[in-house]
Structure formats: structure tokens, C-alpha cells
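**Student:** Would you be able to build a 3D model of this:
(chains A and B)
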Amino acid sequence: MREYETTFIVQPEISDEGRGTLVSKLEGALERQGAVRLMLDDVGKRKLAYEIKKFQKGHYLTLAYLDNGAAVKELERLLRLDESVLRFLTVQTADEVTDIESRKTEAAEQERVRKQRAAERAAREAEEERAREEAIRARGGPSFARAEEEAVDEDESEEEEE
Amino acid sequence: MGFGYGGGPRDRERDEERGPMGPKARLRAKARKKARKQAKRMFTRRKVCRFCADSNLPIDYKDPKSLKFFVSETGKMIPRRISGNCARHQRRVTVAIKRSRQLALMPFTASGI
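**Tutor:** Coordinates of the predicted model:
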């Protein structure tokens, strides 16, 4: 089997549940086509380098799987049909994976680590958000321009940390 | 004369016809020598491909931060002769940058926004 990696960008306004149903739909398709799901990497919201459909941000997700070619087609068809998906890209990362079980456990471990990191990041972001709101309140009423500026600063520092 | 070999037949002829080197000619000869030296130094400063030097350095299209080194400020790719990459790794960097652009992780151009 070959190993593939599909990265797709979901609209930033879609809720966690909305993304969840999309992902489970894709995973169901993988199973039906006889592919082996390896891992899902939730990169989170990122600023787009250029506007796509008037969106400045997007939620990046990467799905890795083993397949013989049939599932790729089906997966891309589903992504094209879903309007909340801004863009997707499928890349073949390995040729001829023979030891499927060991690759599976390896990927599961990787996924666990990534998930943990993502949870930490989410907690930190929530904390920063609260701190920012408190600071605005302490200053006595939000100044719109100021808040905007801070939001931009936050984005940059966050990118550097990753 | 003064070129590191005792003067070839042409130089000897020149001496007979035009006399010894004047001060201006000597200055010009000096400048030529200096230019030659500088050209030599530029050649020896050839960079080593950083991906060859460190074999576990990944080239990943999902990591725009590491690819940033290989594009200009306006988002254009930097040629091999400047980045110092070997042909094989430059090819991989190029593919990674193009994929990265499709996923809006890197800009096609920085002036558009």
C-alpha cells in the first residue's frame, strides 16, 4: 500500500461539531474503500497567506492514510462537495508500505503526542484571550483600534512559538 | 615584467620599442593584479548545501517557517546560486514551496494584499 496525506482548509467559522462530522464522514469513506486511517492532525486556525473566498483565516487539518488509490478519489470528491472546505491537497508520502500494523501503531503514537500539544495550545490561547479581556476592562472601556492592534500582535507571537 | 615570470618575448620586445614601464602603466598592472585576486576569493567562498550538511533537516511543505529562507521578501523563490542548495535539494525545496503556496501557507506574491 501507499501512504497518502490529505491536507484541507475548513472555513474558520465552522464549529467544532461541524468539523467533527466532516472528519467522521471522510473517515467513513476511507473505511468503505478499504483504506487504513493512520492519523488526523488538527493544526488549528492559521492566517492565510492570501484571501480565499474572502476569508483571512482557515482551520487546517491533515489526514494520513494507507491506500491503493481508490480512496483518494472518493475523499477528494467528498471534499469538493463540501462547501465549508476552502482548499485541499493530497500528497503521496511513501511508496510500498508493507508492515501496516507497525506503521499504524507508530502513527497512533504520533497522533497522541500531537493531540496533547494541540490541547495545550488551545488552553494557552483561552488563557491569553481572558488576560486580554481583563486588560481591556482594567483600562476602562475597550478602544477598538487598540484591541485590533493587540489581536494582530498575538497572531504573530503565536506563529513564532509553533 | 613583474608578472611572476621573467617577461616573455613580447614583453622584451616592448621594452626595446617603448622603453621601461611608466608610472601609469605600473598602476594599471597593479589594479589588474588586485582584480584577479578578488575574483579568486569569490570563487573559494562557495557555500555547502545545508540539507546535505545536515541529513535529518526536513523539507516540509506544511512548515512555511523553514521554507521562508528560500524565498525573497516578495515571495519569489531564491535561485540556487544564491541559496547554495545542491540541485537535488533545491528541486525538493521548489516543490515544497509550490505546495505551500497552494495551501495558502506561503504567498504567491507579497504585494497582492
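
**Student:** From A:L78, how far out is A:G69?
**Tutor:** The spacing between A:G69 and A:L78, counted by C-beta to C-beta, to the nearest Å, is 16 Å. The C-beta positions use only the backbone N, C-alpha and C, and glycine is treated the same way.

**Student:** Compare neighbour counts for the two and give me the winner.
**Tutor:** With other C-beta atoms under 10 Å in any protein chain shown as the criterion, A:G69 and A:L78 differ in neighbour count, and A:L78 comes out ahead with 16 against 12.

**Student:** doesn't that one fall inside a helix?
**Tutor:** Yes: under DSSP: H, G, I helix; E, B strand; the rest coil, A:L78 sits within a helix.

**Student:** Do I have it right that it meets A:L26?
**Tutor:** Yes: applying C-beta atoms under 8 Å, one finds A:L78 in contact with A:L26, separated by 6.2 Å.

**Student:** show me where the chain has helices.
**Tutor:** With no chain named, the answer covers chain A. Under the criterion DSSP state H, chain A carries helices at the ranges A:16-32, A:70-81, A:100-139, A:144-161.

**Student:** Correction: the question concerned chain B.
**Tutor:** Listed from the start of the chain, chain B has helices (DSSP H) covering B:9-18, B:23-44, B:50-53, B:64-67, B:80-83, B:87-102.

**Student:** Would you reformat these as TSV and include mean neighbour count, mean pLDDT and distance to A:V43?
**Tutor:** Listed next are these as TSV, based on neighbours: other C-beta atoms under 10 Å in any protein chain shown; pLDDT from 0 to 100; distance: least, C-beta to C-beta, whole Å:
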stretch	mean neighbour count	mean pLDDT	distance to A:V43
helix B:9-18	10	55	71
helix B:23-44	10	73	43
helix B:50-53	13	84	24
helix B:64-67	17	89	12
helix B:80-83	14	88	27
helix B:87-102	17	92	13
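
**Student:** what's the closest of those to chain A?
**Tutor:** For these, the distance to chain A is smallest for helix B:87-102, at 5.6 Å, taking C-beta to the nearest C-beta.

**Student:** Quick one: distance of the closest one to the chain centre.
**Tutor:** The chain centre lies 21 Å from the centre of helix B:87-102; the measure is C-alpha atoms, centre = their mean, to the nearest Å.

**Student:** now do stretch A:8-21
**Tutor:** Between the centre of stretch A:8-21 and the centre of its chain there are 9 Å (C-alpha atoms, centre = their mean).

**Student:** outside of stretch B:97-105, which residues touch it?
**Tutor:** Counting by C-beta atoms under 8 Å, 6 or more residues apart in numbering or on different chains, the neighbours of stretch B:97-105 from elsewhere in the structure are A:7, A:9, A:46, A:48-50, A:52, A:58, A:60, A:87, A:89, A:91, B:61-62, B:64, B:67, B:70-71, B:77, B:106-108.

**Student:** are any of those residues buried, and which?
**Tutor:** In terms of neighbour count (16 or more other C-beta atoms under 10 Å in any protein chain shown), the buried residues within the contacts of stretch B:97-105 are A:7, A:9, A:46, A:48-49, A:52, A:58, A:60, A:87, A:89, B:61-62, B:64, B:67, B:70-71, B:106-107.

**Student:** Give me the pLDDT for A:V23.
**Tutor:** The model reports A:V23 with a pLDDT of 92.

**Student:** Apart from its chain neighbours, what residue comes closest to it?
**Tutor:** Leaving aside its chain neighbours, A:V23 sits nearest to A:L40 (6.4 Å; criterion: C-beta to C-beta, 6 or more residues apart in numbering or on different chains).

**Student:** which regions of chain A sit below the pLDDT cut-off?
**Tutor:** Applying pLDDT under 70 to the predicted model, the residue ranges of chain A that meet it are A:140-162.

**Student:** Can you name the residues of it sitting close to chain B?
**Tutor:** Among all residues of chain A, those adjacent to chain B (criterion: C-beta under 8 Å from any C-beta of the partner chain) are A:7, A:9, A:43, A:46, A:48-52, A:58, A:60, A:62, A:87, A:89, A:91, A:159, A:162.
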